[in-house]
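Colleague: here's my sequence, what's the structure:
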Amino acid sequence: MDFNYTHTNGYAETGAGIYNLGIFPTDDFQVSFAAGMEFGRSYELNPGLSVRVYGYGGVRYTPDNTTTTQLLFSGISSPVTQISRHDRHLGEISTGMKFFGREGLGFDVRYDGAFGKLVTSQSIKGKLRWRF
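Modeller: Numbers count the residues shown, from 1 in each chain. Have a look, this model is predicted:
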């Protein structure tokens, strides 16, 4: 279960007269549920250096898949509400390697992907670790 809170600052355009767009600040709180399975294996490359290789696959469900934003044009007296819909169901995959060395030094590299009807999110991440 994940809890996500997002805050977006408001802003106002200038220079277009009555067509200036104003966006109100937005706060959004969402809960999502995820289930998946991770498979992995560790290998000893040489004394003092090992690697863990893994893969993950799963699904994510978000009951409330909407974000509401209020906006207005300078020439309109009342705000307009815009509702953005996101995927309620996402497929998630991840794969990576974690290297463990002597004296707490390590390196991680991973690929993460989330896929739905409206959304495709992909990232490659690297992390250098030193445990002391």
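Colleague: so where do the helices sit in the chain?
Modeller: In the chain, no helices are defined using DSSP state H.
Colleague: so how far is residue 74 from residue 121?
Modeller: 35 Å (Cβ to Cβ, to the nearest Å). The way it works is simple: take the backbone N, C-alpha and C, and place the C-beta from them, glycine included.
Colleague: which of the two has more neighbours?
Modeller: residue 74 (15 against 12; other Cβ atoms under 10 Å).
Colleague: quick check: phi and psi on the spatially closest residue to the more buried one that is not a sequence neighbour?
Modeller: Closest residue to residue 74 apart from its sequence neighbours, by Cβ to Cβ, 6 or more residues apart in numbering: residue 20 at 4.3 Å. Per-residue torsions, residue 20: phi -60, psi 130 (degrees, to the nearest 10).
Colleague: confirm for me that residue 20 is in contact with residue 72.
Modeller: No: at 9.3 Å, residue 20 does not count as touching residue 72 under the criterion of Cβ atoms under 8 Å.
Colleague: please enumerate the shared neighbours of the two.
Modeller: Here residue 20 and residue 72 have no joint contacts, going by Cβ atoms under 8 Å, 6 or more residues apart in numbering.
Colleague: quick one, longest strand in this protein?
Modeller: Secondary structure of the chain per DSSP state E: the longest strand is strand 26-46.
Colleague: which residues in the protein form strands?
Modeller: Counting by DSSP E, the strands of the chain are 2-8, 11-12, 21-23, 26-46, 49-61, 66-73, 80-85, 89-100, 105-115, 120-130.
Colleague: give me the contacts around the shortest one.
Modeller: Outside strand 11-12, the residues that touch it by Cβ under 8 Å, 6+ apart are 20, 21, 22, 23.
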